[in-house]
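Asker: Quick one: sequence plus predicted model below, questions after.
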Amino acid sequence: MTSIEKPPASGAREAHPEHLGHVIFITAAAAMGGFLFGYDSSVINGAVEAIRDRYDIGSGTLAQVIAIALIGCAIGAATAGRIADRIGRIRCMQIAAVLFTISAVGSALPFALWDLAFWRIIGGFAIGMASVIGPAYIAEVSPAAYRGRLASFQQAAIVIGIAISQLVNYAILQLADGEQRGVIGGLEAWQWMLGVMVVPAVLYGLLSFAIPESPRFLISVDQRDKAKEVLSEVEGKHVDLDARVAEIDLAMRREHKSTFKDLLGGFGFLPIVWVGIGLSVFQQLVGINVAFYYSSTLWQSVGIHPTDSFLYSFTTSIINIIGTVIAMVLVDRVGRRPLALVGSAGMAIALACEAWAFSAELVDGKLPNPQGVVALVAAHVFVLFFALSWGVVVWVFLGEMFPNRIRAAALGVAASAQWIANWAITASFPSLSDWNLSGTYIIYSVFAVLSIPFVLLFVKETKGKALEEMG
C-alpha cells in the first residue's frame, strides 16, 4: 500500500495538547449553541399564561404557538449538516447566532400572534442547527484522549441553559410584582423573558470569531496548512501533522455517504433503525418536555402563586443538572441499558404519583395535602430519573448503535422521530390537561412502563464496543 492508502501513525490517540485550557475554551464556546438550545427551549415556560391572556386564545391554539418552534428545529437539524459541509462549521454557528438574535428580538416585540409564531419558527431553526453543529464541531476538534469528556459539554450546556432561563424568568417576574403581564420599562414581563435571549445569542456569535475552523472542513476544502495549524493547536506539537492530515483525508475519502435507501428493509426500515426510532420516541412520550415548557402553568393550575411556580421550575432545572452529571459519571461505568432501565422504573413510579396527586379535588383552588406535597416531590423525582438515564443514554445509544455504513442517515431518521414526538407531546398537553390532568400523567406513566420491555427485548448494550462492531 502507498502512504496515501495507509498513512503512518500520527500519534493522535496519545495526543495531549500543551494548552488544554485553550481546548476547553474552544469546546465551551462551541457548546454555547447547546446553552441557547436549552435556554430557548425552556424560556417560553415563563410566557405561556401571558400569551394566552394577551391574545385571548384557547389551549389548542396556545399549544400550536408553543410547539411550532419544533417545526423549525426539524428543518434546521435536517439542513445543518449540508450547510456546514458547504460553508464551514464556524459560518454555520454564526448563522445560528444571527437567527437566535433575530428570533429573540422578534418574539419580544410581536405585532400579533401570527408573527410571534413566525419568530419562534426562526428560533427553532437555529436550535436545530445548533443541536447538530455543536457536537459535530466538538468531536472534530477534540483530542482523542479527551473526546468523551469534552463531548459532554454540549449536554451540560443544554441543562445549564434550561436552568438559567428559569432563573432569569423568576428574576423578571420579581421585578414585575409577580405578574407575567406586569409592565417593566414599557414592555410586559413575558416580552422581557423572550427578549433577554439576545445576550447569550450575541455572545455565541462573538465567541465564534475567537475559535478556529474544524480541521476536517479545512482539509475538505484543501486548506491543509490551516488544518495543520489548528491540529497543532488542539492536539499538540508532538503529533506528526503531515501524517495526521493524511489520516483525516483518507478517513473522509473512505466514508460511505449513507442515504435513505440504505435504511430500508423488512417492515419499512431495518430492525436496528426501528430500535433507534423507538428510543427517540420513548424519550419524548414520557412527557419530559411538559416539565420544561409548561411547568409554571401546571403549578399555577393547581393553585400555586405565579412567583412560587417559577421558583419550582428553577429547582427542577437544578435537579436536571444534577441528574445529567450523575449520568455522565455512570454511563461508561455501569453501561447504557442499566441506566435506561433504572430511569424507566423511577419515571414510571414518579409519574404515577403525580397522576394520583392531580386526581384530588382542588380546595380553594389548591391541591390539598398530602397531594400537593406529593405532586411537587414526584415532579422533581421524575426529572431526576429522566436526567440520569434517558436524557443522556439515548444520545449515547444513537451515536454508537448503528453500523458505520448507515450511521449518518439512521441518526437523522431517529432525530427526526424525536422532534416529531416532541411536537406531539408539546402540542397535545394543554388540551389533554384541560380534559383530565391526572389522566394525562397516567398516559405518560404507561409509556414509561412500556419502555422497560422495549429496552429488555430490543436494545443491546454498546458499552465497551468499538463502533466497527455495531450492526
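Answerer: All right, it came through fine. Residues are numbered from 1 along each chain as shown.
Asker: contacts and neighbour counts: CA atoms only from here.
Answerer: OK.
Asker: For residue 37, give its distance to residue 160.
Answerer: 10 Å (CA to CA, to the nearest Å).
Asker: meant to ask about residue 115
Answerer: 29 Å.
Asker: Which one of those two is surrounded by more residues?
Answerer: Shown here are residue 115 and residue 160; by other CA atoms under 10 Å, residue 160 has more neighbours (21 against 14).
Asker: Look up phi and psi at that one.
Answerer: phi -70, psi -40 (degrees, to the nearest 10).
Asker: Would you quantify the distance from it to residue 97?
Answerer: Distance from residue 160 to residue 97, by CA to CA: 18 Å.
Asker: One more: residue 196?
Answerer: On the measure of CA to CA, residue 196 and residue 97 end up 14 Å apart.
Asker: For the two, indicate the residue with more neighbours.
Answerer: Just comparing residue 196 and residue 97: by other CA under 10 Å the higher neighbour count belongs to residue 97, 29 against 19.
Asker: What residues of the helix or strand containing the more buried one count as buried?
Answerer: According to DSSP states H and E, residue 97 maps onto helix 89-108. By neighbour count with 16 or more other CA atoms under 10 Å, helix 89-108 contains the buried residues 89-108.
Asker: what do you get for stretch 46-64?
Answerer: Buried residues in stretch 46-64 (16+ other CA under 10 Å): 46, 47, 48, 49, 50, 51, 52, 59, 61, 62, 63, 64.
Asker: Let's have those in JSON lines, adding distance to residue 136, secondary structure and pLDDT.
Answerer: Below are these laid out as JSON lines (distance: CA to CA, whole Å; DSSP: H, G, I helix; E, B strand; the rest coil; pLDDT from 0 to 100):
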{"residue": "46", "distance to residue 136": "31", "secondary structure": "helix", "pLDDT": "79"}
{"residue": "47", "distance to residue 136": "32", "secondary structure": "coil", "pLDDT": "84"}
{"residue": "48", "distance to residue 136": "33", "secondary structure": "helix", "pLDDT": "82"}
{"residue": "49", "distance to residue 136": "37", "secondary structure": "helix", "pLDDT": "82"}
{"residue": "50", "distance to residue 136": "37", "secondary structure": "helix", "pLDDT": "88"}
{"residue": "51", "distance to residue 136": "36", "secondary structure": "helix", "pLDDT": "90"}
{"residue": "52", "distance to residue 136": "38", "secondary structure": "helix", "pLDDT": "87"}
{"residue": "59", "distance to residue 136": "38", "secondary structure": "helix", "pLDDT": "78"}
{"residue": "61", "distance to residue 136": "36", "secondary structure": "helix", "pLDDT": "86"}
{"residue": "62", "distance to residue 136": "34", "secondary structure": "helix", "pLDDT": "83"}
{"residue": "63", "distance to residue 136": "32", "secondary structure": "helix", "pLDDT": "81"}
{"residue": "64", "distance to residue 136": "31", "secondary structure": "helix", "pLDDT": "84"}
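Asker: what's the most distant pair in these?
Answerer: Among the buried residues of stretch 46-64, the pair separated by the greatest distance (CA to CA) is 46 and 61, at 17.3 Å.
Asker: just to revisit the earlier point, and the next helix or strand past the helix holding residue 97?
Answerer: Following helix 89-108 toward the C-terminus (DSSP H and E): helix 113-141.
Asker: and that following helix, which residues are buried?
Answerer: Neighbour-count burial for helix 113-141 [16+ other CA under 10 Å]: 113, 116-141.
Asker: what helices or strands is it leaning on?
Answerer: helix 20-43, helix 59-67, helix 69-87, helix 89-108, helix 147-175, helix 215-220 (3 or more CA pairs under 8 Å, 6 or more residues apart in numbering; DSSP states H and E).
Asker: Between these, which one is closest to residue 430.
Answerer: Among those, the nearest to residue 430 by CA to CA is helix 59-67 (5.2 Å).
Asker: So for the longest helix seen in the chain, mean pLDDT?
Answerer: When the chain is parsed with DSSP state H, its longest helix is helix 407-458. On average, the pLDDT along helix 407-458 is 88.
Asker: Kindly report the same for stretch 104-117.
Answerer: On average, stretch 104-117 scores 92.
Asker: what do you get for stretch 221-232?
Answerer: For stretch 221-232, the per-residue pLDDT averages 87.
Asker: right, and the helix or strand after the helix or strand where residue 315 lies?
Answerer: Residue 315 belongs to helix 306-330 when assigned by DSSP H and E. Using DSSP H and E, the helix or strand that follows helix 306-330 in sequence is helix 336-358.
Asker: Run through who's touching that following helix.
Answerer: For helix 336-358, contacts defined as CA atoms under 8 Å, 6 or more residues apart in numbering pick out 286, 327, 331, 367, 371-372, 374-375, 378-379, 381-383, 385-386, 388-390, 393, 396-397, 437-442, 444-446, 448-449, 451-452, 455, 459-463.
Asker: try 7 Å
Answerer: 371-372, 374-375, 378-379, 381-382, 385-386, 388-390, 393, 437-439, 441-442, 444-445, 448-449, 451-452, 461, 463 (CA atoms under 7 Å, 6 or more residues apart in numbering).
Asker: just the buried members of the residues you listed?
Answerer: 371-372, 374-375, 378-379, 381-382, 385-386, 388-390, 393, 437-439, 441-442, 444-445, 448-449, 451-452, 463.
Asker: Quick one: mean pLDDT for stretch 235-248?
Answerer: Here the average pLDDT along stretch 235-248 is 79.
Asker: Go ahead and produce PDB holding the CA coordinates of that stretch.
Answerer: Only the C-alpha atoms of stretch 235-248 are listed here, as PDB (Å, rounded to 0.1, in the frame of the first residue of the first chain):
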ATOM      1  CA  GLU A 235      -3.700  18.100  19.600                       C
ATOM      2  CA  GLY A 236      -0.200  19.300  20.500                       C
ATOM      3  CA  LYS A 237       3.100  19.900  18.600                       C
ATOM      4  CA  HIS A 238       4.300  16.400  19.100                       C
ATOM      5  CA  VAL A 239       1.700  15.000  16.700                       C
ATOM      6  CA  ASP A 240       3.000  14.200  13.200                       C
ATOM      7  CA  LEU A 241       0.900  16.800  11.400                       C
ATOM      8  CA  ASP A 242       1.500  15.500   7.900                       C
ATOM      9  CA  ALA A 243       0.500  12.000   8.900                       C
ATOM     10  CA  ARG A 244      -2.500  13.400  10.900                       C
ATOM     11  CA  VAL A 245      -3.800  15.300   7.800                       C
ATOM     12  CA  ALA A 246      -3.300  12.100   5.700                       C
ATOM     13  CA  GLU A 247      -5.300  10.100   8.300                       C
ATOM     14  CA  ILE A 248      -8.200  12.500   8.200                       C
END
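Asker: Going forward, the N-terminal residue is numbered 853.
Answerer: With 853 as the first residue, the last one maps to stretch 1087-1100.
Asker: next one: that stretch to chain centre, how far?
Answerer: Centre-to-centre, stretch 1087-1100 and its host chain are 32 Å apart (CA atoms, centre = their mean, to the nearest Å).
Asker: Return the set of buried residues in that stretch.
Answerer: Of the residues in stretch 1087-1100, 1087, 1088, 1089, 1091, 1092, 1093, 1095, 1096, 1097, 1098, 1099, 1100 count as buried by neighbour count, 16+ other CA under 10 Å.
Asker: can you check stretch 1033-1042 too?
Answerer: Buried residues in stretch 1033-1042, counted by 16+ other CA under 10 Å: 1033, 1034, 1035, 1036, 1040, 1041, 1042.
Asker: would you say the first one is within a strand?
Answerer: It refers to residue 1033. No: checked against DSSP: H, G, I helix; E, B strand; the rest coil, residue 1033 lies outside a strand; its state is coil.
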